[in-house]
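Colleague: model the following, please.
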Amino acid sequence: MAERDNIQQFLSYCHGLCNESRFIITSFPNAEIPAVEKVAHQLYAVRTIIHGLDDPYLSEAQVEAMLDQVDDLLRQLEDFLETPPPPDALGALPTSWIWRGRACSMT
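Modeller: Residues are numbered from 1 along each chain as shown. The predicted structure is shown next:
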């Protein structure tokens, strides 16, 4: 029974990590590189562990679905890391577009 509890805790951790990954992905292009790298490393570790799971309560289809989800998140994170946004996009705006420290749209 304790082994099942450990797997349940791991799956719960994975769920939270996937949610954190989705949040970071929705923050592109404003995500910080270290945060993206950290969550990507954690997802690689999760992927390795999922491959080694031997739980009679998880079907092969469920394991494959988890791996597909992790792979999709990793692909998006890796794409961002390969081509990050310019370092300071706001600093590149003309001074006339800056008002009280905020970028303003031209109307």
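
Colleague: quick one: the residue most central in space within the chain and residue 47, what's the gap?
Modeller: Within the chain, the residue whose C-alpha comes closest to the C-alpha centroid is residue 21; the distance, by C-alpha atoms, centre = their mean, is 2.3 Å. In this structure, residue 21 and residue 47 are 12 Å apart, going by C-beta to C-beta, to the nearest Å. Backbone N, C-alpha and C define where each C-beta goes, glycine included.

Colleague: before we move on, the earlier item: surely the residue nearest to the centre of the chain and residue 39 touch.
Modeller: Yes. Judged on C-beta atoms under 8 Å, residue 21 makes contact with residue 39 at a distance of 5.1 Å.

Colleague: before we move on, the earlier item: so who does the residue nearest to the centre of the chain touch?
Modeller: Contacts here follow C-beta atoms under 8 Å, 6 or more residues apart in numbering; on that basis residue 21 touches 39, 43, 73, 77.

Colleague: wait, the first one sits on residue 74?
Modeller: Looking back up the chat, that one is residue 39. No. In terms of C-beta under 8 Å, residue 39 does not count as a neighbour of residue 74; the distance is 9.4 Å.

Colleague: so between these two, which is more surrounded?
Modeller: For residue 39 versus residue 74, neighbours defined as other C-beta atoms under 10 Å are more numerous around residue 39 (22 against 17).

Colleague: show me what contacts the more buried one?
Modeller: Contact partners of residue 39, counting by C-beta under 8 Å, 6+ apart, are 17, 20-21, 24, 77.

Colleague: now those residues as a markdown table including secondary structure, pLDDT and distance to residue 7?
Modeller: Formatted as a markdown table, the contacts of residue 39 follow (DSSP: H, G, I helix; E, B strand; the rest coil; pLDDT from 0 to 100; distance: C-beta to C-beta, whole Å):
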| residue | secondary structure | pLDDT | distance to residue 7 |
| --- | --- | --- | --- |
| 17 | helix | 97 | 15 |
| 20 | helix | 97 | 20 |
| 21 | helix | 97 | 21 |
| 24 | helix | 97 | 26 |
| 77 | helix | 97 | 25 |
